[in-house]
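K.L.:
need a 3D model of the following:
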Amino acid sequence: MRGIVVVTGTGTEVGKTVVTAALAAAALARGRSVAVLKPAQTGVAPGEAGDAERVLELAGEGVTIAELARYPEPLAPATAARRAGLPPVGPERIAAEARRLAVSHDLVLIEGAGGLLVRYDEEGSTLADAARLLEAETVVVAAAGLGTLNATALTTEALRARGLRTRGVVIGSFPADPDLATRCNLEDLPEAAGCALLGVLPAGAGAMEPADFRAAAASWLAGALGGSAPEGDGAAGRRMAGLSNRSA
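P.N.:
Residues are numbered from 1 along each chain as shown. Down below sits the predicted model:
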């Protein structure tokens with residue numbers, strides 16, 4: 001991958017930070033220079049490691065990280081900014097910083113907060129507005145289990161309605177012992193999303209030793225995301241998840 005890519009999710013706690021780290025690690029392994037921008041970090045105190053620092057830890061020292069604002073309460077950025085009495089981060093500032101980073105980096109990854117339409121300021125601006133200003137592609141991080149088809153379809157539909165291109169969907173955390181719904185979702189997600197399933201990260205990937213994480217990152221992602229995993233139909237999704245074709 002090259003250029004500016006927005007990493008968004010179907011909701012909170014779906015694995016955006018770990019997926020961002022995997023994307024960064026795969027790009028670094030291909031010789032790309034990478035920057036990761038976290039526009040608004042919430043629920044983290046001053047001096048405490050946030051999502052950008054977590055990406056740096058997992059992906060390696062070759063990543064440039066940037067954070068525009070930090071708010072102490074774990075809330076939507078607009079709400080957290082208001083309650084803290086701090087200025088919010090609007091889409092224009094996000095776009096300006098991404099463009100600045102893109103001057104000196106092959107790939108700039110922008111990691112959002114929560115889901116796509118979480119508010120960043122009192123005007124109701126969202127990460128989608130920043131993506132539109134940048135004409136950036138998006139990667140959608142989704143959960144693996146029951147309910148993810150609807151959440152993913154709503155997210156990709158919102159992206160299409162705004163004229164934004166979705167490169168594909170990545171499952172942020174796939175369990176070692178998936179239930180029936182989770183196994184079936186590997187085949188059903190591309191149809192629900194209207195775009196390819198381009199990655200499946202195993203549960204616990206973020207807790208791996210950084211060296212092991214970097215060595216494995218490319219195997220979790222398809223070639224369209226800089227990885228080495230197969231892509232395409234449901235069988236490809238099962239292979240990415242480490243399942244046999246009969247497992248679903």
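K.L.:
C-alpha only now, for contacts and for neighbours.
P.N.:
Will do.
K.L.:
how about stretch 168-183: buried residues?
P.N.:
Buried residues in stretch 168-183, counted by 16 or more other Cα atoms under 10 Å: 168-174, 178, 182-183.
K.L.:
actually stretch 98-113, sorry about that
P.N.:
98-99, 101-102, 105-113.
K.L.:
same check, this time on stretch 139-150
P.N.:
139-145, 148-149.
K.L.:
so which of the buried residues of stretch 168-183 belong to helices?
P.N.:
182-183 (DSSP state H).
K.L.:
mind picking the two most distant members of the buried residues of stretch 168-183?
P.N.:
168 and 178 (21.8 Å; Cα to Cα).
K.L.:
any idea how far residue 223 is from residue 50?
P.N.:
29 Å (Cα to Cα, to the nearest Å).
K.L.:
residue 154 too?
P.N.:
Distance from residue 154 to residue 50, by Cα to Cα: 28 Å.
K.L.:
keep only those of the buried residues of stretch 168-183 that are in strands.
P.N.:
168-174 (DSSP state E).
K.L.:
how about the buried residues of stretch 168-183 in a markdown table, adding distance to residue 241 and pLDDT?
P.N.:
Listed next are those as a markdown table, based on distance: Cα to Cα, whole Å; pLDDT from 0 to 100:
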| residue | distance to residue 241 | pLDDT |
| --- | --- | --- |
| 168 | 16 | 96 |
| 169 | 14 | 97 |
| 170 | 11 | 98 |
| 171 | 9 | 98 |
| 172 | 11 | 98 |
| 173 | 10 | 98 |
| 174 | 7 | 97 |
| 178 | 10 | 97 |
| 182 | 11 | 97 |
| 183 | 9 | 96 |
